[in-house]
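Colleague: mind looking at a prediction? Sequence and model below.
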Amino acid sequence: MKYEIAAAEKSTVKITMTFGAEEWNAANDKAYKQNRHKYAVNGFRKGKAPKHILELYYGKGLFYEEALNLLLAENYDTVIDQEEKNHEFVGRATFEIGEGCDLEAGNIVLVATVPVKPDVQIGAYTGIKIPRYDYTVTDADVDKEIEAVREHIAADVEVTDRPAALKDTVNIDFVGTVEGKEFDGGKAEGYDLTLGSGQFIPGFEEGVVGMNLGETRDVPVTFPEDYQSEELKGKAAVFTVTLHKITGKDIPAFDEEFAKKMGADSVEGYKATVRERLERNAKNQSRNETENSIIEEIAKTATVEIPDAMIEREEDISMQRLEYSLMQQGVKLDEYLAYVGSTHDEYKKNFEEDAKRNVLHQLIVEKIIALEKIEATEEEVDAKIAEQAASVGKEPEEYKKSMDPRQRQYIESDIKVTKLFDFLMANNEMIAEAQE
């Protein structure tokens, strides 16, 4: 087998593999041996008819397809292994019969089109003006977080002496109508709903606020213009709601006892712990948004042909995240897709623009790391490993033994990316953006 490789359109390469008559005949013989059991000819036991008899009976090209598959199976991976030093393959190949191929004559030409990682071209990445994001933590932020924690750990209590209020969980029956007629999905009995959760369309939960136990009330609403059901978009509706039960929260007081339960020695100590966590989150948010701002600015001058395989892989990752998120809520992906009236492939296209942007940003990051020759030293990697080991209560050497090789690669990559953005922040004009 001989092969040639050449660049093709949209970040692909074409690998042209040529096989001689001897290789073709050997592949046909092997295909015959592997598949003869499928065929029967009068006068022979099934699977025992000679090859030339089967070809006379079923046609000369009986084993051609299997023989071509064998040639690919036995040679394509070898070619890829040899070319990996020259190209970074990023997806599956498509195959076709090449020009000049003659199966009868034994002159076989097969062409594989394979997506490869593209080389992104970028403009200036230093000396430019880039927005910088700085988030701070206020006393009000600390108070709000503490209130959220108190609500989260509050005990449920049945309410009988007041109307339903925001943050209560109510058990209700409801029937929805549009122009006096019920519609699919607009009816339920014994439904638990937390008021203010935003689970229902605007106006519904607010309409339940103030209802008393046993009360039935008509709640008027209007479906949003972007509602998933075409029949209900923008339509005025009325929900007849009956309230059966109200469950409120027994929120603990913010005092010394609460602080100690939360692991602090005092109210002020707990406040300090909360502030420290919020400031750490704010710092991470500031860093993440600033890094994204840098890449967005550099991407404005970038040009690249991204192969479809890289975009599809990113879309698949987004679909996997969606599926995991739905699983956490007890919903299967197929059920969700049926509910929104979409197929897997149709819904995946919702992630296409984000996928293109993510791939482009990653290519830019890798390009500048290469241009600036940014490396992760052994000392830096070992220090990160020591941090991770300490976080799980292990000695570094013991932790290293349990590490997957890919984990070390991830640490090296993370160090390089951090050093890259440190470099970019130091070598561009970072302009503070006003935060709300």
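Modeller: Looks like it came in fine.

Colleague: state the distance from the residue nearest the centre of the chain to residue 312.
Modeller: Nearest to the mean C-alpha position of the chain, by Cα atoms, centre = their mean, lies residue 318 at 2.3 Å. Counting by Cβ to Cβ, to the nearest Å, the gap from residue 318 to residue 312 is 11 Å. Bear in mind the C-beta positions are built from the backbone N, C-alpha and C, glycine included.

Colleague: returning to that earlier point: which of the three states applies to the residue nearest to the centre of the chain?
Modeller: Using DSSP: H, G, I helix; E, B strand; the rest coil, the structure places residue 318 in helix.

Colleague: so it sits against residue 351, correct?
Modeller: Yes: using Cβ atoms under 8 Å, residue 318 is in contact with residue 351, at 4.0 Å.

Colleague: just checking, what's the longest helix in the protein?
Modeller: helix 267-299 (DSSP state H).

Colleague: other SSEs contacting that one?
Modeller: strand 129-133, helix 139-153, helix 256-261, helix 352-371, helix 405-426 (3 or more Cβ pairs under 8 Å, 6 or more residues apart in numbering; DSSP states H and E).

Colleague: looking at the ones you listed, spot the one closest to residue 15.
Modeller: helix 352-371 (23.0 Å; Cβ to Cβ).

Colleague: report the buried residues of whatever helix or strand comes next after that closest one.
Modeller: Downstream of helix 352-371, the first helix or strand assigned by DSSP states H and E is helix 378-391. Buried residues in helix 378-391, counting neighbours by 16 or more other Cβ atoms under 10 Å, are found at 380, 381, 384, 385, 386, 389.

Colleague: now do stretch 60-75
Modeller: 62, 63, 64, 66, 67, 68, 70, 71, 72, 75.

Colleague: which ones are touching the second one?
Modeller: Under the criterion of Cβ atoms under 8 Å, 6 or more residues apart in numbering, the contact partners of residue 63 comprise 28, 31, 32, 35, 51, 55.

Colleague: residue 107 now?
Modeller: Counted by Cβ under 8 Å, 6+ apart, residue 107 has contacts 18, 20, 21, 100, 101.

Colleague: partners of it in the sheet?
Modeller: Taking DSSP bridges as the rule, residue 107 bridges to residue 102.

Colleague: dump the helices and strands packed on helix 267-299 into TSV; add mean neighbour count and mean pLDDT as well.
Modeller: Shown next, in TSV, are those (neighbours: other Cβ atoms under 10 Å; pLDDT from 0 to 100):
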stretch	mean neighbour count	mean pLDDT
strand 129-133	15	95
helix 139-153	13	94
helix 256-261	14	94
helix 352-371	17	96
helix 405-426	15	95
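
Colleague: which among these is found nearest to residue 290?
Modeller: That would be strand 129-133 among those, by Cβ to Cβ, at 5.1 Å.

Colleague: partners of that closest one in the sheet?
Modeller: Sheet pairing of strand 129-133 (DSSP bridges) gives strand 429-433 (parallel).

Colleague: rewinding a little: in helices only, show me the buried residues of stretch 60-75.
Modeller: Applying DSSP H to those, the entries found in helices are 64, 66, 67, 68, 70, 71, 72, 75.

Colleague: dump the residue contacts of the fourth one.
Modeller: For residue 68, the residues meeting the contact criterion (Cβ under 8 Å, 6+ apart) are 27, 108, 110.

Colleague: the last one and residue 72 touch, don't they?
Modeller: Yes: the pair formed by residue 110 and residue 72 meets the contact definition of Cβ under 8 Å, at 6.5 Å.

Colleague: overlap in contacts of the two?
Modeller: Common contacts of residue 110 and residue 72, defined by Cβ under 8 Å, 6+ apart, comprise residue 95.

Colleague: dump stretch 385-401 to CSV, keeping only the CA atoms.
Modeller: Extracted in CSV, the C-alpha atoms of stretch 385-401 (Å, rounded to 0.1, in the frame of the first residue of the first chain):
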residue,chain,number,x,y,z
ILE,A,385,-0.2,18.1,43.1
ALA,A,386,0.8,18.8,46.7
GLU,A,387,-2.2,21.2,47.1
GLN,A,388,-4.6,18.5,45.8
ALA,A,389,-3.0,15.8,48.0
ALA,A,390,-3.4,18.0,51.1
SER,A,391,-7.0,18.7,50.3
VAL,A,392,-7.8,14.9,50.5
GLY,A,393,-5.4,14.3,53.5
LYS,A,394,-2.7,12.4,51.6
GLU,A,395,1.0,12.8,51.2
PRO,A,396,2.1,14.0,47.7
GLU,A,397,4.0,10.8,46.8
GLU,A,398,1.0,8.6,47.9
TYR,A,399,-1.4,10.9,45.9
LYS,A,400,0.8,10.7,42.8
LYS,A,401,0.5,6.9,42.7
